[in-house]
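S.K.: requesting a structural model of the entry that follows:
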Amino acid sequence: MSPAIPSERRNCAGFTIIEALVALAVVAASLAAIGAVIATSVRGVRSLEQHVALVETTRAVASGLPKRDELAVGGFTGESMGHRWRVDISPLSGAAGPTANEAAWLPQLVAITVRSPSGATLQIDTVRLVRRPGG
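M.R.: Predicted structure coming up:
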């Protein structure tokens, strides 16, 4: 014969199904919140990596520009590391200083535009001085 278990101990002997379901719901909600934070973090890291790649490609294009004496008005395009780029060179209008006839150097506007495979675009405008022909 089995020993009798007092009725008070029998009622406290374990978890009820409701308590187990509540505990599972709390764990599920916690995991969902952690998952959302991780997903947001991954998206942010991916976006940052794409932006860094875009900036690095733009720097590479800028550093690969021709020398001053080879810099001609016009534009040229290319592709580097999966990024398409375009460089437009034009005379800078409205430059302050000596008149165009007196200046030994002529300013040129250099616009570098780089587009990533995702469609993000970065444009850098800078000025380069070019020695005036015959100067």
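
S.K.: the bottom helix or strand of this protein by mean pLDDT?
M.R.: Within the chain, no helix or strand scores below helix 7-11, which has a mean of 58 by mean pLDDT, DSSP states H and E.

S.K.: could you point out which element follows it?
M.R.: Remark: after helix 7-11, the chain's next helix or strand is helix 17-63, criterion DSSP states H and E.

S.K.: does anything pack onto that next one? Which helices or strands?
M.R.: strand 74-80, strand 83-91, strand 105-115, strand 121-131 (3 or more Cβ pairs under 8 Å, 6 or more residues apart in numbering; DSSP states H and E). Glycine gets a C-beta too; all of them are placed from N, C-alpha and C.

S.K.: angle of that helix against strand 121-131?
M.R.: Comparing the axes of helix 17-63 and strand 121-131 via axes from the mean of the first three to the mean of the last three Cα atoms, to 10 degrees yields an angle of 20 degrees.

S.K.: quick one: low-confidence ranges for this structure?
M.R.: 1-13, 94-101, 134-135 (pLDDT under 70).

S.K.: and the residue nearest the centre of it?
M.R.: Centroid check for the chain by Cα atoms, centre = their mean gives residue 51 as the closest residue, at 1.8 Å.

S.K.: grab the nearest non-local neighbour of that one.
M.R.: Spatial nearest neighbour of residue 51, excluding adjacent residues (Cβ to Cβ, 6 or more residues apart in numbering): residue 120 at 7.2 Å.

S.K.: just to revisit the earlier point, of all the helices and strands packed on helix 17-63, which one comes closest to residue 67?
M.R.: Closest approach to residue 67 among those (Cβ to Cβ): strand 121-131, 9.9 Å.

S.K.: which elements pack onto the closest one?
M.R.: Looks like strand 121-131 contacts helix 17-63, strand 105-115 (3+ Cβ pairs under 8 Å, 6+ apart).

S.K.: got the buried residues for it?
M.R.: Buried residues in strand 121-131, counted by 16 or more other Cβ atoms under 10 Å: 122, 128, 130.

S.K.: residue contacts, the second one?
M.R.: If I follow you right, that is residue 128. Residues in contact with residue 128, defined by Cβ atoms under 8 Å, 6 or more residues apart in numbering, are 65, 68, 71, 107, 108, 110.
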